[in-house]
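Asker: Okay, here's the prediction I keep looking at, along with the sequence it came from:
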Amino acid sequence: MIVTIIRHVCKRKETCLLLGFFLTFYQNSLGREFSRLDSLVSIYESARYSKHDELFLLKEIGDLYNNPDKILWYSDILIQKAKKADSIGYEYVGYTQRGAAYQLKSDYSKALESYFEAAKFAHKDYQKGTLYFTIADVYSLLKNHLNAVKYYKLSIGILKNVRDSISLATALYNLGDEYLKAEMPDSALQYTRESQKIANKMNYQIGQAYCLGNLGVIYLKKDNQLLAENYLNQSIALLEGMNEYAAICEFLRSMSEIHHKKNNLPVAIQYADRSLALATQHGLKSEISQANLKLSELNEASGNLFKSLQYYKAHIAYRDSVSNLESVEKIAELRTNYEVSQKQKEVDLLYTRNKLRVAERNGFVFASLLLASILLLSIYFYKQRAKRNKLLAAQEMQEVEILHQKNLMQSVITSQEVERKRIGMDLHDEVGAALSTLRIKIDQGSENRAEWPQLTSTYKGDIDKIISNMRNISHALSPRISGKFGFYDALHELADSVNESGKISMVITFDEEKLPHFANEQAPMAIYRVIAELINNTLKHAHATTIHLEVAEKESVFDIRYSDDGIGIKSSIAKTANGIGMKNIESRLLVIGAHWEVGSPITGGYQMKITVPLN
């Protein structure tokens, strides 16, 4: 579970608001803040302040508001006023307030944009450390593991040199939690232990409680049930005194899993029931959904299929109630995956421009004191103008690259919509029709009890067909490429499906003894999707009779060669192809850092060469 720290610059340095699962409210202080907020808003609206105090007043109001729409309103005013006053510090505050507001509204894409803008004006180490930490939290919410890890590590590297032990402990905990979600328990254990060490030294009790809980989950994944149970019991006992209900619900389900593995189903069900009751009492929809799913699994294991079905229906109902937010997160993830590198370049470029602006200002001050240096000042401004023109030219090149990345993102979104429609048609035409037919048969059979045994066999056959169709649809959505030989097995299945169609033959050549170890964890799935898209293009457009696929490990790269004997294309056309399929292929290869070439061999047909970096 993620811990996010958003610092409110208007308050004392030791005051911070912990969002997520480290949430602490003090009612008396909140009452005083609301009274202070009303006073400040009244002063601003009546214009009873000096021009010198305007920026400070706007910053105070934005920090005190909890309403994200109000925060957006005042942060936008602060940013505009700060630009006019040439105040880098207040521009930084305005953009961080705007990012926090969008994060509260769950608009993570706009939150990232605001935080990256704030980074352009962050000149102090603690500002950069806090910003990178917050950016990493947003990427984690978007399930973008690689970028989340990248920015957590950047934040930790900075915070280790800043006297802010609580922020450092929280960043270490969040990085450990990110590795835990990515099924990397050894890395998760390392960073959670580091966080626990700091929390113990600072006597930071809520940090201690969460570290104990995650240590329990980590040891559960490592099949050390004794340690897992010990840590989880300690964590739950501490969290119950802090009213951290969401965390308690999650750790109760982990205790249920421990007893499930021990085949102690009654005790496992008791822990799952406690999780469901607590989540229901406090209206935690996501936790209610997960508790119902756990109870469905446990009742199925105990043979109570009727109760298992009831809990599963409840799980689906609560899961669907939060699915809209998850859809927003997935769409935002598509955007951030392709814009992150360009945004970072833009941050670095505009950081340099801000330094240039400061240099110009110092130059004007120097010029006012040394009137006799007119010639030297003219030369100085000429050089500065030349530098500025170079920076603007570089910025224009980056804008072209950003536009290209946005086009790639749009093609990915379009292809996903097409895939969703295809899946919906498959479910409607195959599974839906089969279920409707089975329902009619059951109704007819219930009227003729004498033929019931024979009809039962027919029903089982119909159900087997439905299960087979669902398995095929599920495999098309997420092919099984995990395990030692999963990647090669998936390629074999893909070739078998092509050959079974009878329209074209496909030959695969590779050395199964050499298993690739990719530098990017997303590489196997991305390569599989790219090959599937190439096969689809061949079947649609090439009029080919044979497909050849050669994969081999060469030094530090994985070499892939795809070719067919169809009508082929011109190399010049291949480089400028604008089809959704080719853009989808290009976007997947960019994400995993691959290089590729497209063309037509001398003998005719189509050929694509791909190289993917290995560890």
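Answerer: Yep, it's here.
Asker: Which strands and helices lie in contact with the strand or helix carrying residue 192?
Answerer: According to DSSP states H and E, residue 192 maps onto helix 185-202. Judged by 3 or more Cβ pairs under 8 Å, 6 or more residues apart in numbering; DSSP states H and E, the packing partners of helix 185-202 are helix 165-181, helix 205-221. Every C-beta, even on glycine, is put in place using the N, C-alpha and C of the backbone.
Asker: Nearest to residue 248, out of the ones you listed?
Answerer: For residue 248, the closest of those is helix 205-221, at 8.8 Å, according to Cβ to Cβ.
Asker: Buried residues in the closest one, which are they?
Answerer: Counting neighbours by 16 or more other Cβ atoms under 10 Å, one finds that the buried residues in helix 205-221 are 206-221.
Asker: Quick one: residues in contact with the next helix or strand after it.
Answerer: Counting by DSSP H and E, the next helix or strand C-terminal to helix 205-221 is helix 225-240. Applying Cβ atoms under 8 Å, 6 or more residues apart in numbering, the contact partners of helix 225-240 are 205, 208-210, 212-213, 215-220, 247-248, 251-252, 254-255, 258, 261-262.
Asker: C-alpha coordinates for helix 225-240, CSV please?
Answerer: Provided in CSV are the C-alpha atoms of helix 225-240 (Å, rounded to 0.1, in the frame of the first residue of the first chain):
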residue,chain,number,x,y,z
GLN,A,225,4.5,-18.9,7.3
LEU,A,226,5.8,-18.7,10.9
LEU,A,227,7.5,-15.3,10.4
ALA,A,228,4.7,-14.1,8.3
GLU,A,229,2.1,-14.8,11.0
ASN,A,230,4.2,-13.2,13.7
TYR,A,231,4.8,-9.9,11.8
LEU,A,232,1.2,-9.6,10.6
ASN,A,233,-0.2,-10.1,14.2
GLN,A,234,2.2,-7.4,15.5
SER,A,235,1.1,-5.0,12.7
ILE,A,236,-2.6,-5.6,13.1
ALA,A,237,-2.3,-5.0,16.9
LEU,A,238,-0.6,-1.6,16.3
LEU,A,239,-2.9,-0.5,13.5
GLU,A,240,-6.1,-1.2,15.5
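Asker: residue ranges of the helices in the stretch 401-550 of the chain, please?
Answerer: With DSSP state H, counting those that start in this stretch, the ranges of helices along the stretch 401-550 of the chain come out as 433-446, 452-477, 486-500, 523-537.
Asker: Quick check: which of those helices is buried the most?
Answerer: The highest mean neighbour count among the helices of the stretch 401-550 of the chain belongs to helix 523-537 (a mean of 20), with neighbours defined as mean count of other Cβ atoms under 10 Å.
Asker: And that helix, what does it pack against?
Answerer: Counting contacts by 3+ Cβ pairs under 8 Å, 6+ apart, helix 523-537 is packed against helix 486-500, strand 557-564, helix 580-591, strand 606-613.
Asker: Off-centre distance for the third one?
Answerer: Same thing as helix 580-591. 19 Å (Cα atoms, centre = their mean, to the nearest Å).
Asker: tell me which residues of stretch 260-279 are tucked away?
Answerer: Within stretch 260-279, the residues that qualify as buried by neighbour count (16+ other Cβ under 10 Å) are 260, 265, 268-276, 278-279.
Asker: which one among the buried residues of helix 205-221 gets closest to residue 65?
Answerer: Each of the buried residues of helix 205-221 was checked against residue 65 using Cβ to Cβ; the closest is residue 206, at 24.9 Å.
Asker: just checking, residue 254 touches residue 217?
Answerer: Yes: here residue 254 reaches residue 217: they are 5.3 Å apart, a contact under Cβ atoms under 8 Å.
Asker: Just to check, residue 288 is in contact with residue 277?
Answerer: No: using Cβ under 8 Å, residue 288 is not in contact with residue 277, being 9.9 Å away.
Asker: For stretch 186-203, buried residues please.
Answerer: By neighbour count on 16+ other Cβ under 10 Å, the buried set for stretch 186-203 is 187, 188, 189, 191, 192, 194, 195, 196, 198, 199.
Asker: Pipe these into TSV and attach distance to residue 85 and pLDDT per row.
Answerer: Shown next, in TSV, are the buried residues of stretch 186-203 (distance: Cβ to Cβ, whole Å; pLDDT from 0 to 100):
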residue	distance to residue 85	pLDDT
187	46	94
188	46	93
189	49	94
191	42	94
192	45	95
194	42	94
195	40	94
196	45	93
198	39	93
199	41	92
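Asker: From those, pick the one nearest residue 557.
Answerer: residue 187 (25.4 Å).
Asker: Give me the distance between the residue located most distally from the centre of the chain and residue 384.
Answerer: Within the chain, the residue lying farthest from the chain centre (Cα atoms, centre = their mean) is residue 372, at 58.7 Å. Distance, residue 372 to residue 384, using Cβ to Cβ, to the nearest Å: 20 Å.
Asker: likewise residue 488?
Answerer: From residue 488 over to residue 384 (counting by Cβ to Cβ), the distance is 59 Å.
Asker: Please state the offset of the host helix or strand of residue 100 from the chain centre?
Answerer: Residue 100 belongs to helix 88-104 when assigned by DSSP H and E. A distance of 21 Å separates the centroid of the chain from that of helix 88-104, by Cα atoms, centre = their mean.
Asker: the inter-axis angle of the next helix or strand after that helix versus helix 88-104?
Answerer: Where DSSP H and E defines the elements, the next helix or strand beyond helix 88-104 is helix 108-119. Comparing the axes of helix 108-119 and helix 88-104 via axes from the mean of the first three to the mean of the last three Cα atoms, to 10 degrees yields an angle of 170 degrees.
Asker: Many thanks, I have nothing further to ask.
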